[in-house]
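Undergrad: coords below, sequence missing:
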């Protein structure tokens, strides 16, 4: 079998999922990945653009509202390679963020009736440009986006409103594909897809999985010069805290009312954000690898997830796999992996509610052997990739995709 995957990058949560799928396949599978930004040294991962080409697409998108014209020539090159190699399965992940010209890609898919699995990691595929809309409460995507009041949330820096054109062109491109199965990591997102112009496709829910070789309870000491082990650590982790979606300022507000026996540690902090952190908040830009991140999860008294918009965050699963109970806002699909014996769910914005529930954390921590075992059974990358392989088989054999 020839499997080709396309994603914006080969790191972060979606990149890890893409690579975990490859790792689960045997050597008989011919593997290729196309990414816009490459960080690993895997030979079968191909970078589609030079940095200049990527920046041109980014400029067109962010400053001229011409995202649908970006990466034209590099996308043509990738499509020529696809036409030559004829993959049995084309697995799409995030194709936004200046990754590929989606109109050219789907024109190729329709012309050759390519077998497609598309994992939707957010809502971009059926909106006029935004990735999420829960925070803004906007439902225009159900009928057709236009006159957008939230342009800044569509990853653009221009006042030009192209949401109506984007919506129309995406609907035209993404509908009418003969052999495509959609996948969402959460039931929450599956419900939204069922209300969109993508509702006629076969859709499966496959929860995100994590690599349990990297995420398990450990007791290393890489951060002893940074983190005070005599404190009760409240950990927050994000790829980036640079937008309001991840609740950065809620952590700051919480820090100001916390007892001195607690210390907040945030991973994914920029230099600018670090400069405004209170004394009881430690900011770490990033860890060197997943094992270091597992050390922080293992060290944590509790994991705090103040997300305001999310699909099925792997950080919650990673924390549970390392024995840290979770305190999370009731957001999107962010709580679907949580239960009463491993977590506490708060209303969005109720950072003060953390003070009221901290005395329950010790009870949850006593259950860690139970929920760590559950994570191994239900949320491993092995389980996730087995489900994807079943979908690949359905597509190739044309069984149950109507």
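TA: Arrived safely, thanks for sending. The structure presented is a predicted model; accordingly, all values stated were derived computationally and were not measured. Numbers count the residues shown, from 1 in each chain.
Undergrad: what separates the closest residue to residue 93 other than its chain neighbours from residue 34, distance-wise?
TA: Nearest non-adjacent residue to residue 93, counting by C-beta to C-beta, 6 or more residues apart in numbering: residue 7, 3.9 Å away. In this view, the C-beta of every residue, glycine as well, is placed from N, C-alpha and C. Using C-beta to C-beta, to the nearest Å, one gets 8 Å for the distance from residue 7 to residue 34.
Undergrad: Comparing the two, which residue is more hemmed in?
TA: For residue 7 versus residue 34, the count of surrounding residues by other C-beta atoms under 10 Å is larger for residue 7: 28 against 24.
Undergrad: Who are the packing partners of whatever helix or strand that one lives in?
TA: Residue 7 is located in strand 2-9, with elements delineated by DSSP states H and E. Where contact means 3 or more C-beta pairs under 8 Å, 6 or more residues apart in numbering; DSSP states H and E, strand 2-9 is packed against helix 12-23, strand 30-37, helix 72-85, strand 89-92.
Undergrad: Give me the residues contacting the last one.
TA: Contacting residues not belonging to strand 89-92 are listed as 1-7, 18, 21, 82, 109, 114-119, 388, 392, 395-396 [C-beta atoms under 8 Å, 6 or more residues apart in numbering].
Undergrad: try the longest one
TA: Applying C-beta under 8 Å, 6+ apart, the set of residues contacting helix 72-85 from outside is 2, 4, 32, 34, 48-49, 53, 90, 100-101, 104-105, 108, 112, 114.
Undergrad: Now do the buried residues in stretch 278-294.
TA: Neighbour counts over stretch 278-294 (16 or more other C-beta atoms under 10 Å) mark 280-284, 287, 292-294 as buried.
Undergrad: For residue 235, pull up the helix or strand it's in.
TA: strand 232-237.
Undergrad: Distance check, the spatially closest residue to residue 360 that is not a sequence neighbour against residue 359.
TA: If the residues on either side of it in the chain are set aside, residue 360 comes closest to residue 344, at 6.5 Å by C-beta to C-beta, 6+ apart. Separation of residue 344 from residue 359 (C-beta to C-beta): 11 Å.
Undergrad: between the two, who's got more neighbours?
TA: residue 344 (19 against 8).
Undergrad: name the element the more buried one belongs to?
TA: strand 343-346.
Undergrad: Against which helices or strands is that strand packed?
TA: strand 326-329, helix 353-357.
Undergrad: who touches the nearest residue to residue 169 once chain neighbours are set aside in this structure?
TA: Nearest non-adjacent residue to residue 169, counting by C-beta to C-beta, 6+ apart: residue 68, 5.4 Å away. With contacts defined as C-beta under 8 Å, 6+ apart, the neighbours of residue 68 are 101-103, 165-166, 169.
Undergrad: In helices, which of those fall?
TA: Among those, the ones falling in helices (DSSP state H) are 102-103, 165-166, 169.
Undergrad: And the residues you listed, which is closest to residue 127?
TA: Among these, residue 166 lies closest to residue 127 (C-beta to C-beta), at 8.2 Å.
Undergrad: can you count the residues close to the closest one?
TA: Neighbour number of residue 166 under other C-beta under 10 Å is 21.
Undergrad: coming back round to it: would you mind pulling the contact partners of the strand holding residue 344?
TA: By C-beta under 8 Å, 6+ apart, strand 343-346 touches 316, 320, 325-330, 335, 338, 353-354, 357, 360, 364.
Undergrad: which parts of the longest helix seen in the chain are buried?
TA: When the chain is parsed with DSSP H, its longest helix is helix 381-397. With burial defined by 16+ other C-beta under 10 Å, the residues of helix 381-397 counted as buried are 381, 384-385, 388-389, 391-392, 394-395.
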